[in-house]
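Colleague: mind looking at a prediction? Sequence and model below.
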Amino acid sequence: MRKISVDILEQKEKIARGKRIKNIRENELKMTKTQLAKEIGVSGQFLGLVEEGKGNLVYSSIRKLRDLSGHSSDYILFGLDDTVIQETKELIANHSEEEIFAALEIIKNLSIFIASK
């Protein structure tokens, strides 16, 4: 019984992942299946299967899609919001390494303070 529910969950994740990849391809990259497939090293037919939730990309293809789209692997694979990564990069772009480490120390202390409440 447990195996069936795990299989169903994994299938739902595959379908959601395929939809994310299709959305990235169509709405962000404005590419055809054939174009994106060539860029990430798979066939257009296989990319179609991935987008339908019937296949998974290998690491090297995910890495290429990540680099091409600007999305994190966590977003591509699991749908985790990755806007915070870009926002953080933009916020710290004009600060020195010393300033960034000082800010991290403040965040660490704030986290400890909040956890103690």
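Modeller: Perfect, thanks for sending it. Keep in mind the model is a prediction, meaning the values are calculated, not measured. Residues are numbered from 1 along each chain as shown.

Colleague: helix, strand or coil for residue 71?
Modeller: Taken by DSSP: H, G, I helix; E, B strand; the rest coil, the conformation at residue 71 corresponds to coil.

Colleague: show me how far the helix or strand hosting residue 88 is from its chain's centre.
Modeller: Taking DSSP states H and E as the definition, residue 88 sits inside helix 83-92. Between the mean C-alpha location of helix 83-92 and the chain-wide mean there is a distance of 15 Å, by C-alpha atoms, centre = their mean, to the nearest Å.

Colleague: so which elements touch it?
Modeller: With contacts defined as 3 or more C-beta pairs under 8 Å, 6 or more residues apart in numbering; DSSP states H and E, there are no secondary structure elements packing on helix 83-92. Backbone N, C-alpha and C define where each C-beta goes, glycine included.

Colleague: in what helix or strand does the residue nearest the centre of the chain lie?
Modeller: Averaging the C-alpha coordinates of the chain gives a centre point, and the residue nearest to it by C-alpha atoms, centre = their mean is residue 75 (2.2 Å). Using DSSP H and E, the element containing residue 75 is helix 73-78.

Colleague: low-confidence ranges, this structure, go.
Modeller: Across the chain, the stretches falling below the confidence threshold (pLDDT under 70) are 1-4.

Colleague: what's the domain layout of it?
Modeller: Each structural domain of the chain that the record assigns through automatic domain parsing is listed here as a residue range: 1-80, 82-117.

Colleague: list the contacts of stretch 43-51.
Modeller: Here stretch 43-51 makes contact (C-beta atoms under 8 Å, 6 or more residues apart in numbering) with 17-19, 21-22, 25, 32-34, 36-38, 40, 42, 55-57.
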